[in-house]
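**Student:** Here is my input; please provide its structure:
(chains A and B)
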Protein chains: 2
Amino acid sequence: MEKVREIVREGRRVGKEDPRRVVHAFKVGLALALVSSFYYCQPLYDNFGVNAMWAVMTVVVVFEFSVGATLGKGLNRAVATLVAGGLGIGAHHLASLSGPTVEPILLAIFVFVQAALSTFVRFFPRVKARYDYGVLIFILTFALISVSGFREDEILDLAHKRLSTVIMGGVSCVLISIFVCPVWAGQDLHSLLASNFDTLAHFLQEFGDEYFEATEDGDIKEVEKRRRNLERYKSVLNSKSNEEALANFAKWEPRHGQFRFRHPWKQYIAVGALLRQCACRIDALNSNINSDMQIPMDIKKKLEEPLRRMSSESGKSMKEVSISLKKMTKSSSFDIHVVNSQSACKTLSTLLKSGILKDVEPLQMISLMTTVSLFIDIVNLTEKISESVHELASAAKFKNKTKPSRSDSGRIGHDMPNKSHDDHHRHRVVTILCDVDTSNNVDQSHGEISVDSCHHVAIKIDDDDSIHEKHEDGDIHVHTSRVSCEHTNASDLLVSGVKKN
Amino acid sequence: MEKVREIVREGRRVGKEDPRRVVHAFKVGLALALVSSFYYCQPLYDNFGVNAMWAVMTVVVVFEFSVGATLGKGLNRAVATLVAGGLGIGAHHLASLSGPTVEPILLAIFVFVQAALSTFVRFFPRVKARYDYGVLIFILTFALISVSGFREDEILDLAHKRLSTVIMGGVSCVLISIFVCPVWAGQDLHSLLASNFDTLAHFLQEFGDEYFEATEDGDIKEVEKRRRNLERYKSVLNSKSNEEALANFAKWEPRHGQFRFRHPWKQYIAVGALLRQCACRIDALNSNINSDMQIPMDIKKKLEEPLRRMSSESGKSMKEVSISLKKMTKSSSFDIHVVNSQSACKTLSTLLKSGILKDVEPLQMISLMTTVSLFIDIVNLTEKISESVHELASAAKFKNKTKPSRSDSGRIGHDMPNKSHDDHHRHRVVTILCDVDTSNNVDQSHGEISVDSCHHVAIKIDDDDSIHEKHEDGDIHVHTSRVSCEHTNASDLLVSGVKKN
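**Tutor:** This is a model prediction of the structure:
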């Protein structure tokens, strides 16, 4: 009894986790009940006889959770049945020419060679990824057709019937999976990526509070809950296989919603990989928080301002990316946060140079420097990620939501529809950059920065491509150096002289 | 033509990567040719008729690469066919009681409910991991039996024939996969783990040369090759899904070689996870090497001795683990290297305290400290890993190769069979520990250390369990603090006073 209750509880949990699972179960039941009615329907049964069973079998085996997976399996099965049926008939014909003694031997050899070859081909990585099921069905159908032909003379008729029933089963699956509450693998992959961005953004935005605010021992439950919430990023670490499977399925899907047939699914995998790298750093950071508790707060506080900003700004940029992904619009709003986090990175390096940590003990220094280095890494990765998202946006032809003014001086002030939004950002940057000594910023930051007479800074973010050009021409160090973001490099040069030249 | 040549090349590569794939292909061909001979064998055909096809189908679908996967699928299929057959007959009987009009409707409802429920159950994580295929076959068989029964009255006979042919097919698969060049998933998992240890050991042992020796620009090819060799650790990062699949298959396998039926496969996953954590740190370290090139060699050289030792000693401990895994013997030889790496860790902290890095620039400091912190991490992880391997060794009942002398003073000098080997290690430790000031070591290190009158140190490594007890009683800090190994902690307390109390 306890066991049953446990199963029911588990079932409720599974259903709550993703209610589409319940719908999927109903869809499979529907498809199967539909197809098995072939047996009851006298004219259909007269036509196909026992072969109607292949329709049932096809439905059970082909109907998968997402449209892409169902389509992929269905197409694999249909094509494999067709080709193997043809070859099977050929093999049977060839064998039957050789007389009744040799025929079974010849057929056995055919089956052996075909099965061995096909089984080997299944190990090819490219075949395994997309056509594994097709090859399996190929082996199966070839063996069944060529061998059963040994008993039946109406082999052509058999192959024809089998193919039609398989196609009937497959088509029912595909139609039901597309038209009854469809689950698109592409949409899932897209949402997964956006939610991964959200998760990392949440960690980065909360990090400052977690790290710099002393935890009161009072509400342990609250702390536990916050901690669990913070550690959601761990799901990102393990998302690789899931993403790859979804991308594989998505490739089979027709146009749906805003996703074209040849949507750049590969780019999703690339962005996802960068995101996982970032999650890996966050993991290290998280285990560092726990040990850092032993560093006195007053030492940590020395670096609070820039660290908090690096963290929250890269968090904001990820949040913006997630929003722009969800809306499927091209957006440059996250670039500003990337620039901000880089400028905070520079402040940090200036602070470190000022010898603020001179009296810190070496062992505390190690822990503190690890945090710093991980954050510099995260800022650098955030930049790479935002580039990669720009590439995704243009490859996927996302709509242009924001078309900010061009940076050519002649065009400044063009009246764009989203001017106010743009201005808002510009203003935000002004505030932030003025904390730092702006004089060094002129050509290191990502947009165009010009210092006007009253020491205000105006940032204009170009449309994505021009940013990239700028970036590619401008500085090469960002990608190669791990423990320094470009601002740090720049200030390094400025402060410590001409070490490089 | 070019295409064909490419396919042949790919085939050769796939075959070379794992020659057992070729053998597997032959085995599948053999099994299929064998089973399809059921059709030719007149008495068998008379018995089973068209149902012989189920044997062919079973072979194609069930025969997997490893024994475990084949057994798992075969058992799933057999049991599911049996249960679903029984239920299908029951459903058919129930429906036939209700009269010819209601019967098809009732059957359709049965099929619908059964398919929907079973499909939903497939989403349960525990079912998905081990019984997914069984549930699929359950749906299939139930639908086929209950529905086809609508036409045929000899439904019991049908169910019986289907079950026997499925079992015949399954048994052929299992027998061939066990007795013809068997591929044991368990053995594979075991080897994979050992080779992962090897890979990480290689990186750690080579790290010193890579980091502290200036690369000559001369032989770029040589450097490239070494680098590629060094980056083999990346395969460890992605081994998770592979390990889990192998462990799932291994659970089905009977006793083979030194693996019992209930071998602790779970513990392999646990060790593998720790190893991946370590690989994650190594990844960070590796990307740090590349950027560290900009740190002047003379600064790096200041930390060379302890860093080199930490790296090579943890590398050696992993190498020893790999050897003891390959031999499947209980061994404590790697504990000594863990202790050594921890002592090097202590030397490093003493060195840092001495203010050796006072004149290093903050940015170089960040990079250097990151390396240091990552290494301290790796040393701590190495300890955890060695503990986890000890657990594995006792859970898996590995043979006792070494039974070193007990640490009770009364027993010192017991003449153990492997005394010379033990002495050799003891000697090695003596040399190393004498570099450090041994006076602090007395109760922090893992074995028992006693300083005798002539300042020689004798280390005795107990048999695994007693080490663990010692550890659990002794110090709790090792596991909680991330950026400090226990020696570091200890010296911290000794040098910087009573900060903690």
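
**Student:** need the residues of the stretch 201-350 of chain A near chain B, please.
**Tutor:** A:238, A:240-241, A:280-281, A:283-284, A:287-288, A:290-291, A:294, A:349 (C-beta under 8 Å from any C-beta of the partner chain). (C-beta placed from N, C-alpha, C; glycine too.)

**Student:** Closest to chain B out of these?
**Tutor:** Using C-beta to the nearest C-beta, A:Ser291 is the member of these that sits closest to chain B, with 3.6 Å.

**Student:** Can I get the residues of the stretch 201-350 of chain A next to chain B in TSV including pLDDT, secondary structure and distance to B:Leu363?
**Tutor:** What follows is these, written out as TSV (pLDDT from 0 to 100; DSSP: H, G, I helix; E, B strand; the rest coil; distance: C-beta to C-beta, whole Å):
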residue	pLDDT	secondary structure	distance to B:Leu363
A:Asn238	81	coil	34
A:Lys240	86	helix	33
A:Ser241	85	helix	38
A:Cys280	85	helix	23
A:Arg281	85	helix	18
A:Asp283	85	helix	24
A:Ala284	82	helix	20
A:Ser287	79	helix	24
A:Asn288	76	helix	19
A:Asn290	72	helix	26
A:Ser291	69	helix	23
A:Gln294	69	coil	25
A:Ser349	83	helix	6
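
**Student:** Among these, the buried ones, what's the ChimeraX command?
**Tutor:** Per 16 or more other C-beta atoms under 10 Å in any protein chain shown, the buried members of those correspond to this ChimeraX selection:
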select /A:240,280,281,283,284,287,288,291,294,349
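
**Student:** right, and the pair among the residues of the stretch 201-350 of chain A next to chain B with maximum separation?
**Tutor:** A:Ser241 and A:Ser349 (38.4 Å; C-beta to C-beta).

**Student:** so which of the residues of the stretch 201-350 of chain A next to chain B comes closest to A:Asn380?
**Tutor:** Closest to A:Asn380, out of all of those and judged by C-beta to C-beta, is A:Arg281, at 9.7 Å.

**Student:** mind listing what that closest one touches?
**Tutor:** A:Leu374, A:Asp377, A:Ile378, A:Leu381, B:Ala284 (C-beta atoms under 8 Å, 6 or more residues apart in numbering or on different chains).

**Student:** Repeat the analysis, applying 7 Å as the threshold.
**Tutor:** Applying C-beta atoms under 7 Å, 6 or more residues apart in numbering or on different chains to A:Arg281 gives the contacts A:Leu374, A:Asp377, A:Ile378, A:Leu381.

**Student:** Quick one: those as CSV, columns for pLDDT too.
**Tutor:** Supplementary listing: those in CSV, determined by pLDDT from 0 to 100:
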residue, pLDDT
A:Leu374, 86
A:Asp377, 85
A:Ile378, 90
A:Leu381, 90
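
**Student:** Neighbour-wise, which one of those leads?
**Tutor:** A:Ile378 (28 neighbours; other C-beta atoms under 10 Å in any protein chain shown).

**Student:** Isn't that one up against A:Gln277?
**Tutor:** No: counting by C-beta atoms under 7 Å, A:Gln277 is not a contact partner of A:Ile378; they are 9.6 Å apart.

**Student:** Can you give me the distance of A:Gly72 to chain B?
**Tutor:** Using C-beta to the nearest C-beta, to the nearest Å, we find A:Gly72 at a distance of 17 Å from chain B.

**Student:** what about that residue, neighbour count?
**Tutor:** Neighbour tally, A:Gly72, other C-beta under 10 Å: 24.

**Student:** For it, give me phi and psi.
**Tutor:** phi -60, psi -50 (degrees, to the nearest 10).

**Student:** Report the secondary structure state of the closest residue to it other than its chain neighbours.
**Tutor:** Once flanking residues are discounted, A:Gly72 sits nearest to A:Trp252: 4.0 Å by C-beta to C-beta, 6 or more residues apart in numbering or on different chains. Assigned by DSSP: H, G, I helix; E, B strand; the rest coil, the conformation of A:Trp252 is coil.

**Student:** ok, A:Trp252 - contacts?
**Tutor:** Contacts of A:Trp252 by C-beta under 7 Å, 6+ apart are A:Gly68, A:Leu71, A:Gly72.

**Student:** same thing but 8 Å
**Tutor:** Here A:Trp252 is in contact with A:Val67, A:Gly68, A:Ala69, A:Leu71, A:Gly72, A:Leu75 (criterion: C-beta under 8 Å, 6+ apart).

**Student:** In a markdown table: the residues you listed, plus pLDDT.
**Tutor:** Shown next, in a markdown table, are the contacts of A:Trp252 (pLDDT from 0 to 100):
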| residue | pLDDT |
| --- | --- |
| A:Val67 | 93 |
| A:Gly68 | 93 |
| A:Ala69 | 94 |
| A:Leu71 | 93 |
| A:Gly72 | 93 |
| A:Leu75 | 92 |
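
**Student:** And the residues you listed, which is closest to A:Gly49?
**Tutor:** Out of the contacts of A:Trp252, the member with the shortest distance to A:Gly49 (by C-beta to C-beta) is A:Leu75, at 26.0 Å.

**Student:** same for the host helix or strand of the closest one, what does it pack against?
**Tutor:** Taking DSSP states H and E as the definition, A:Leu75 sits inside helix A:67-96. Applying 3 or more C-beta pairs under 8 Å, 6 or more residues apart in numbering or on different chains; DSSP states H and E, one finds that helix A:67-96 contacts helix A:52-62, helix A:102-121, helix A:132-148, helix A:155-179, helix A:185-212, helix A:240-250.

**Student:** Who are the contact partners of the closest residue in space to A:Thr347 that isn't next to it in sequence?
**Tutor:** Using C-beta to C-beta, 6+ apart and skipping the chain neighbours, the partner closest in space to A:Thr347 is A:Pro306 (4.4 Å). Residues in contact with A:Pro306 (C-beta under 8 Å, 6+ apart) are A:Ala344, A:Cys345, A:Thr347, A:Leu348, A:Leu351.

**Student:** pLDDT check: weakest of those?
**Tutor:** Here the lowest pLDDT out of those sits on A:Leu351, with 84.

**Student:** Am I right that that residue falls within a strand?
**Tutor:** No: secondary structure assignment (three-state DSSP) places A:Leu351 in helix, not in a strand.

**Student:** What helix or strand is the residue nearest to it when sequence neighbours are not counted located in?
**Tutor:** Nearest residue to A:Leu351 in three dimensions, chain neighbours excluded: A:Pro306, at 6.2 Å (C-beta to C-beta, 6+ apart). Counting by DSSP H and E, the element that carries A:Pro306 is helix A:304-327.

**Student:** partners of the helix or strand following that helix, with directions?
**Tutor:** Proceeding N to C from helix A:304-327, the next assigned helix or strand is strand A:329-330, under DSSP H and E. Applying DSSP bridges, strand A:329-330 is found paired with strand A:399-400 (parallel).

**Student:** Please give me every residue in contact with A:Asp366.
**Tutor:** Not quite, residue A:366 is Ile, not Asp. Counting by C-beta under 8 Å, 6+ apart, the residues that A:Ile366 touches are B:Leu352, B:Met369, B:Val372, B:Ser373, B:Ile376, B:Val483.

**Student:** Now it: which helix or strand?
**Tutor:** helix A:362-395.

**Student:** Figure out how far that helix is from the centre of its chain.
**Tutor:** Here the centre of helix A:362-395 is set off from its chain's centre by 19 Å, with C-alpha atoms, centre = their mean, to the nearest Å.
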